[in-house]
Every structure is written in C-alpha cells, then in structure tokens.
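> Provided below for reference: sequence and predicted model.
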Amino acid sequence: MTATTFDPRPTDSQPTRSPATSARQLAGTGVLLRFALRRDRAMIPIWVAVNALMVLSMPNTLEGLYATPAERADLFTQMSTNSSLRAMVGPVFGDSIGALTAWRVGVYAGALAAVTSLLVVVRHTRDEEESGRQELLASGMVGRRASLTAALLAAAVANALLALLVVAGLAARGTTGAVALGTGIAGVGMVFATMAAIVAQLTESARLARGLTAAVLGAAFVLRAAGDSATYDGSSVLTWLSPLGWLENLRPYADERWWVLLLFAAAVAGQAAVAYALAGRRDVGLSFLPTRPGPAYGRLGSAAALAWRLQRGSVLGWSIGFLLAGLVYGGMTEGAADLVGDNDNARQIIERMGGQAGLTDAFLSAMVGMLGLVAALYVVASVLRLHGEETSGRAEPVLANAVGRLRWAAGHLVIAFGGAALIMLLAGVGFAVGYGKEAGPILGACLVQVAGVWVVGGLAVLLHGVVPRAAMAAWGVAGAVLLIGWVGPALDVPRAVLDLSPFGHLPKLPGGEMEWGPVLVLLLVAVALTGAGLAGLRRRDMTA
C-alpha cells in the first residue's frame with residue numbers, strides 16, 4: 001500500500017510554495033512530538049541526568065583536588081606541556097574552578113549529548129520507517145516533514161533540558177561561564193542531531209544510520225585529540241574541524257568567545273536544511289543509498305552466518321576503537337603519574353577508581369575499568385539488534401524456515417557476548433603496546449571486565465525476551481552503570497551505591513589480587529539473566 005503524503009513539489013498551477021502548503025508539510029508535528037517524548041520518557045531523562053550529574057559533580061571534586069590557587073596554577077602549567085593528556089581531555093584555558101570544570105568534562109559531556117541526540121533522531125525517523133509505523137501514520141493527516149520535525153524537536157528538548165541543568169547547577173561559579181558551557185554542550189548535541197537527520201535520509205537501515213553518525217562523532221573526537229596534542233591553545237586546524245573543538249574554543253569561564261556559537265548555529269541550520277530537502281524528495285521507507293538486495297558473494301547457510309553478516313561492521317568498528325583507545329591510554333600512563341605528582345587528593349581518587357596503592361597500577365586499572373563501562377554500551381547495542389530485527393519484520397521470514405527462535409537469537413548473542421570479550425582483549429593489547437611493559441597482567445585486567453559487561457548484556461536479553469516493549473530501557477541501565485562507575489569514585493559515594501553496578505564487584509587489576517569468587521558469581525548471574533530472557537523469547541508472541 002502506498003502511503004499518502006503531501007507532495008512538496010510545485011505544480012503548473014502553483015509554481016511557488018504557499019504558506020498553506022508549508023503548513024500542511026508540518027501537519028501533525030505536535031502530536032508526533034508528544035508521542036516521541038512519551039516513548040522516550042525513560043531514555044531521555046536518564047541520559048540527560050547522567051550527563052548533567054557528570055558535569056555538576058566536577059566542581060566539588062576539583063576543589064578537593066586543587067584547593068589552592070597555587071595548585072591550580074601548577075595544573076595549568078603542566079597541562080600546557082603534556083600533549084598526551086591534552087589529547088585525552090583537551091587544553092585548559094584558565095585556573096578557576098569553572099574553567100577547570102569546562103576543561104575536565106566539556107568534551108565528554110558534548111560527546112554524550114551527541115550520542116543522546118543521534119539515538120533520539122534515528123529512533124523517530126528511520127526506525128519508524130523501518131518498522132512500518134511511519135507508513136501507517138503517513139496515511140493520515142500527517143505532513144511529509146512532520147516526522148523529521150518532531151524528531152529534531154525531541155532532540156532539542158533533550159539538549160535544552162541538559163543546558164538548563166548545567167546553567168542552573170554552575171551559575172554559582174559564574175553565570176556567564178555556565179551559560180557558555182551549557183549552550184556549547186547543547187550545540188554539539190544539535191549538530192549531531194541534524195547530522196543524524198541527514199544520514200537517516202541517505203540510508204535504508206536505522207542501524208547503519210546510527211553507526212555512520214557515531215563514526216562521524218568518533219572522527220570528530222580523533223580530530224580534536226590530534227589537534228590538541230599538537231597545540232596547547234586549541235588553535236590547530238584539526239581542532240577547528242571538529243564540533244568538539246568548537247566547544248573547547250568557546251572557552252567557558254575563560255574570556256568566552258561568543259562568536260563560536262555562530263559555528264554551531266550555522267552547522268545546525270545548514271544540516272537541517274539539507275535534511276528537510278532530502279526528506280521531501282523520497283518516498284516513505286526508501287533512501288538515497290538503498291541497501292543491496294543480498295550478499296555480493298557466497299551464501300548465508302545459517303542464522304549465525306546471517307547475524308555475523310549483519311553485525312560484522314559494528315564489531316570491526318568497536319574493535320578498532322578499543323585498540324586505539326588502549327594505545328592512547330597506555331601511552332599516557334607515565335604522563336598521568338607526573339601530572340598527579342604530590343597531590344594527595346588526586347591520588348586518592350585514582351586509587352579509589354583503580355583500587356591500588358601504586359599510582360601507575362591504579363591509573364591503568366581505572367582506565368581499564370572505564371573501557372569496561374564503555375564496552376557495556378557495545379553489548380547493549382549488539383543484543384538489541386535482536387529487537388530491531390524483530391520489530392522491523394526481518395526476523396519473520398527467517399523464523400518461517402527451519403530456524404528456531406533460540407537458534408536465531410543465539411547467532412546474535414554469540415556476536416554480542418563474544419564481541420565484548422574481543423574488544424576488551426584488543427584494548428588490553430593496545431594498553432600493553434602503548435605502555436611498553438609486560439602484557440600478561442594488563443590483558444588479564446581487561447578480560448576480567450568482561451564479566452561485568454556480560455551482566456549488562458544479560459539484562460538486555462532479559463528485557464527483550466520478557467518485556468520487549470521495555471527493551472530500550474537497557475540503554476538506561478548502561479547509562480546508570482556508566483554514571484556510577486565514572487562519577488561515583490570522584491564523589492566518594494557510599495559503597496552500597498557502587499555495588500549497584502556489576503563492575504563494582506570486580507577485582508581491581510593490574511596490581512591487585514585476583515579474586516575468582518566475584519567474577520564467577522557475575523558470570524553465573526549473566527548466564528541466569530540470559531537464560532531467563534531466552535525462555536521468555538521462546539514463550540511469547542513475536543513483536544508482542
């Protein structure tokens with residue numbers, strides 16, 4: 001059935017678009033926006049809260065670390081000469097608590113806002129078309145560009161809420177700097193929201209749209225890191241090629257450069273215009289870069305082979321990213337020890353994260369733990385590929401053949417859980433090469449994190465198998481785990497809070513004692529969650 005949509009192209013009797021025609025293009029936007037916000041009533045608040053808490057917790061942490069102007073001035077000097085740490089967190093432009101807060105979390109807050117935005121936009125554009133819901137909506141009084149507008153407005157709501165929380169929380173440190181930082185973070189989010197809107201028009205797969213936009217975000221981070229390692233003041237051309245570099249050069253709390261906001265505005269307006277133009281020139285469900293009808297060569301002889309074909313690009317991308325991250329973090333280990341120096345408070349935070357008395361081992365353990373937290377995002381994305389295949393209808397023809405549900409699911413889960421182990425192993429290889437010391441302890445430390453990652457993956461399987469409508473809540477679980485593991489040690493939260501995360505029960509390696517008990521318990525929990533999820537999948541109706 002062909003969907004009924006409003007055709008934006010002029011006719012002979014109407015050579016130009018009238019205001020009434022433009023209004024019809026957006027008919028139903030308000031209803032779709034309310035529907036989008038209702039669907040994201042869990043995801044958006046959780047991701048925004050994680051990001052806001054990460055930013056707002058930093059001033060008190062920095063005051064504890066660098067209590068005197070002399071200590072902050074010394075940090076400023078050291079960062080100017082340490083290219084490895086500049087690549088990780090960017091240059092510092094001032095020694096006030098506000099400026100240090102923008103330096104320490106600005107890049108990561110912007111990146112997290114970008115991830116939230118691209119997930120929201122793709123979910124309410126390409127995901128809707130892939131599942132067939134958009135065609136049903138378009139058959140009613142819904143304008144051709146209403147869906148795109150609602151998706152961008154939902155992303156704008158999320159970013160505006162994040163900006164308001166940042167401004168309100170940091171206003172005591174200086175209203176001007178708080179407005180600059182909050183606006184800059186939201187600006188990064190909207191740049192990637194509009195970029196995701198373009199990619200959603202070009203591709204026929206929501207998974208590919210998310211992957212390509214995330215790849216652009218990764219490239220933006222690499223460009224910024226390369227530029228910041230080369231210069232101490234953010235003046236590199238590579239830095240200016242990245243929206244994350246624009247956020248740095250906005251310089252909150254350090255003689256703000258308000259004109260940098262024009263770059264965000266121009267990018268958002270230009271990309272939105274391209275997305276709207278593309279949306280008016282294609283049919284619902286189609287794309288400008290159609291998916292190939294089948295494999296270019298060979299045969300897919302099993303459900304596992306099909307799952308691998310579908311997920312191999314994601315596995316490759318995450319593998320490369322973790323290998324490079326290990327190389328970077330391993331290479332900066334000695335520099336991090338020099339930066340901490342005699343600062344007892346900084347040493348205590350790293351040791352709380354790493355659990356060791358030796359600063360170098362504690363730093364390595366903390367970085368390994370951080371990559372374990374990020375790997376939880378991979379396993380959630382990979383497990384939820386099952387949900388995407390089911391809701392899009394692609395699982396139905398596979399299951400109509402001699403393929404049972406468990407065998408179909410197993411193909412994807414082997415890639416999800418096995419891929420998590422692979423990327424952590426590659427991270428360990430990167431750490432070993434970058435640090436240049438004995439590889440065994442670091443590889444073991446990375447593989448221990450897999451137990452915590454698998455627990456998060458098992459919970460995602462449980463949600464998909466038992467309550468598929470709440471499957472996307474697995475992203476909220478991953479975000480909460482990330483928040484506890486990242487911000488908790490810096491705030492010295494009670495142990496009971498840290499224990500809510502599976503990663504809080506893992507031994508702190510390298511350097512510490514290997515405790516097999518907690519690791520085995522977590523593996524059993526992961527197996528139990530996965531088994532319960534598969535049992536639920538086997539008994540329930542598909543797409544229920």
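Thanks, I have the structure now.

> give the contact list for the nearest residue to Thr175 once chain neighbours are set aside.
Counting by CB to CB, 6 or more residues apart in numbering, Val167 is the residue found nearest to Thr175 once chain neighbours are left out, at 7.6 Å. Backbone N, C-alpha and C define where each C-beta goes, glycine included. Shown in contact with Val167 (CB atoms under 8 Å, 6 or more residues apart in numbering): Thr175, Ala178, Val179, Leu181, Gly182.

> which ones among those lie within strands?
If you go by DSSP state E, the contacts of Val167 have nothing in strands.

> most neighbours among the residues you listed, which one is it?
Counting neighbours by other CB atoms under 10 Å, Leu181 leads these with 31 neighbours.

> wait, that residue sits on Ala254?
No: judged on CB atoms under 8 Å, Leu181 makes no contact with Ala254 at a distance of 10.6 Å.

> wait, Leu118 sits on Arg210?
Yes: using CB under 8 Å, Leu118 is in contact with Arg210, at 6.4 Å.

> find residues that contact each of those two.
With CB under 8 Å, 6+ apart as the test, Leu118 and Arg210 both reach Ala196.

> re the thing from before, the residue nearest to Thr175 should be in a helix, yeah?
Yes: the assignment for Val167, made by DSSP: H, G, I helix; E, B strand; the rest coil, places it in a helix.

> so where is the stretch 351-500 of the chain shaky, pLDDT-wise?
Low-confidence segments of the stretch 351-500 of the chain (pLDDT under 70): 351-359, 487-493.

> so which residues of it form strands?
In the stretch 351-500 of the chain, no strands are defined using DSSP state E, counting those that start in this stretch.

> which residue ranges form the helices in it?
359-383, 385-391, 395-399, 405-435, 439-466, 473-491, 495-498 (DSSP state H, counting those that start in this stretch).

> show me what the longest one is packed against.
Packing contacts for helix 405-435, counted by 3 or more CB pairs under 8 Å, 6 or more residues apart in numbering; DSSP states H and E, involve helix 303-331, helix 359-383, helix 385-391, helix 395-399, helix 439-466, helix 516-539.

> columns mean neighbour count and distance to Ala155 on top of these, output as TSV?
Shown next, in TSV, are the helices and strands packed on helix 405-435 (neighbours: other CB atoms under 10 Å; distance: least, CB to CB, whole Å):
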stretch	mean neighbour count	distance to Ala155
helix 303-331	19	23
helix 359-383	24	19
helix 385-391	21	20
helix 395-399	15	29
helix 439-466	24	24
helix 516-539	16	30
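
> out of those helices, flag the one nearest Thr77.
Closest of the helices and strands packed on helix 405-435 to Thr77 is helix 359-383, at 20.0 Å (criterion: CB to CB).

> just read off the phi/psi values of Tyr253.
Backbone torsions of Tyr253, given as degrees, to the nearest 10, read phi 60, psi 20.

> thought it was touching Gly182?
No: the pair formed by Tyr253 and Gly182 falls short of the contact definition of CB under 8 Å, at 11.9 Å.

> so which residue is dead centre in the chain?
Nearest to the mean C-alpha position of the chain, by CA atoms, centre = their mean, lies Val115 at 4.1 Å.

> so where's the chain shaky on pLDDT?
1-23, 82-85, 131-132, 134-143, 282-300, 334-359, 487-493, 543-544.

> and the helix or strand harbouring Trp246, how far from the chain's centre?
Using DSSP states H and E, Trp246 sits in helix 243-250. The chain centre lies 18 Å from the centre of helix 243-250; the measure is CA atoms, centre = their mean, to the nearest Å.

> what of stretch 509-519?
29 Å.

> gap between the two ends of it?
12 Å (CA to CA, to the nearest Å).

> how about stretch 430-450?
Start-to-end, stretch 430-450 (CA to CA) is 16 Å.

> contacts for it?
322-333, 364-365, 367-369, 371-372, 375, 420-421, 424-425, 427-429, 503, 506-507, 509-511, 514, 519.

> Leu522 contacts Ala451, doesn't it?
Yes: contact criterion CB under 8 Å: Leu522 and Ala451 qualify, at 4.1 Å.

> which residues are in contact with both of those two?
By CB under 8 Å, 6+ apart, the residues touching both Leu522 and Ala451 are Pro502, Leu506.

> ok, which stretches of the stretch 1-150 of the chain are helices?
Going by DSSP H, counting those that start in this stretch, the stretch 1-150 of the chain shows helices at 19-25, 29-39, 43-56, 58-65, 69-81, 83-89, 97-123, 126-131, 133-138, 146-170.

> grab the nearest non-local neighbour of Tyr66.
Arg72 (4.6 Å).

> where's the one you found relative to Gly94, distance?
9 Å (CB to CB, to the nearest Å).

> which residues touch Tyr108?
Met54, Val89.

> 10 Å - rerun?
Shown in contact with Tyr108 (CB atoms under 10 Å, 6 or more residues apart in numbering): Asn51, Met54, Val55, Met88, Val89, Gly90, Ile185, Phe221, Leu244, Trp486.

> Pro397: which of these is nearest?
Looking across these and measuring by CB to CB, the closest to Pro397 is Phe221, at 38.6 Å.

> can you give me the buried ones in the host helix or strand of that closest one?
Element membership of Phe221, judged by DSSP H and E, is helix 206-230. Neighbour-count burial for helix 206-230, counted by 16 or more other CB atoms under 10 Å, picks out 206-214, 216-217, 220-225, 227-229.

> pull out the buried residues from the next helix or strand after that helix.
On the C-terminal side of helix 206-230, the closest following helix or strand by DSSP H and E is helix 237-240. Buried positions in helix 237-240, judged by neighbour count with 16+ other CB under 10 Å: Leu238, Thr239, Trp240.

> how distant is the helix or strand Ile198 falls within from the center of its chain?
Per DSSP H and E, Ile198 falls inside helix 175-202. Relative to its chain's centre, helix 175-202 lies at 14 Å (CA atoms, centre = their mean).
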